[in-house]
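1. sequence and predicted structure below; questions after.
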Amino acid sequence: MRPIAPALLTTAPLALVAAALALLAFLPPAAAQEHRHGTGSLVMTFQGPVLTFDLAVPAADIVGFEHAPAVDEDFTDIAQARAAFTDPSQVVALPLQAGCATDRAEAEFVPLARAAGDQPHASFTVLYEMTCETPARLSSVSFPLFGLYPSLTALQVRLVVGNAHRDVTVTRDRPQLDLTR
Ligand SMILES: [Zn+2]
């Protein structure tokens, strides 16, 4: 499928929209995507003025462990990480001119299902909902998140605009995503 830039959302041909819809029906939430240490996954959805971020990052990169919290120190680390995630400015930087205000910000430590005897794995899942006064000014997004967590090297980003999407990888070396292309 041809990649679609946000600017094209109003002109997507019908066939393409139908194809994208069929694909979206099977789109897993970010938290359900592949769990690989060093790499987070993010679904960014634009619906008119509403911008949603659905992020999942391996807990190993955030707190350094993925077992169920057992001692006070574990609980403290998780609480501190959740507190940092509930401040969106620690995670994503948007152009000020877009006038985006946060309506909802949530973060959870989520143990992942595993077979008996396997290493435990867990992720932090983060959800932001924002409303932007001038969504047309959303020309780029960057990720200060990389500055906070040194072992995090990449984010696999799915941009969903209306019924179309494109996939992009953002890395620690190039933490900026151009939304105008
Ligand atoms: Zn893991």
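-> Cool, got the structure.

2. can we go C-alpha only for contacts and neighbour counts from here?
-> Will do.

3. show the contacting residues for the residue nearest in space to the middle of the chain.
-> Residue closest to the average C-alpha location in the chain (Cα atoms, centre = their mean): Leu42, at 2.5 Å. By Cα atoms under 8 Å, 6 or more residues apart in numbering, Leu42 lies in contact with 30, 53-56, 155-158.

4. hang on, it in a helix?
-> No - Leu42 is assigned strand when assessed by DSSP: H, G, I helix; E, B strand; the rest coil, not a helix.

5. how close does it get to Arg114?
-> Separation of Leu42 from Arg114 (Cα to Cα, to the nearest Å) stands at 22 Å.

6. Phe124 now?
-> For Phe124 relative to Arg114 (Cα to Cα), the value is 16 Å.

7. of the two, which one has the most company?
-> Phe124 (25 against 11; other Cα atoms under 10 Å).

8. show me where this structure has helices.
-> 14-24, 59-62, 72-85, 145-148 (DSSP state H).

9. worst average pLDDT in the ones you listed?
-> Least confident of the helices of the chain, judged by mean pLDDT, is helix 14-24 with a mean of 47.

10. list the contacts of the nearest residue to Phe109 once chain neighbours are set aside.
-> What sits nearest to Phe109 in space, not counting adjacent residues and going by Cα to Cα, 6 or more residues apart in numbering, is Phe124, at 4.6 Å. Residues in contact with Phe124 (Cα under 8 Å, 6+ apart) are 55-59, 62, 107-110.

11. so which of these is the most crowded?
-> Ala56 (30 neighbours).

12. pLDDT score for that one?
-> pLDDT, Ala56: 97.

13. equivalent analysis for Arg114, please.
-> For Arg114, the pLDDT comes out at 81.

14. find the nearest non-adjacent residue to it, please.
-> Pro120 (6.8 Å).

15. burial of the closest residue to Ala105 other than its chain neighbours, as a residue count?
-> Spatial nearest neighbour of Ala105, chain neighbours left out: Tyr128 (4.5 Å); criterion: Cα to Cα, 6+ apart. The local packing of Tyr128 (other Cα under 10 Å) involves 20 other residues.

16. any idea how far apart the tips of stretch 87-102 sit?
-> Stretch 87-102: ends 9 Å apart by Cα to Cα.

17. many thanks, have a good one.
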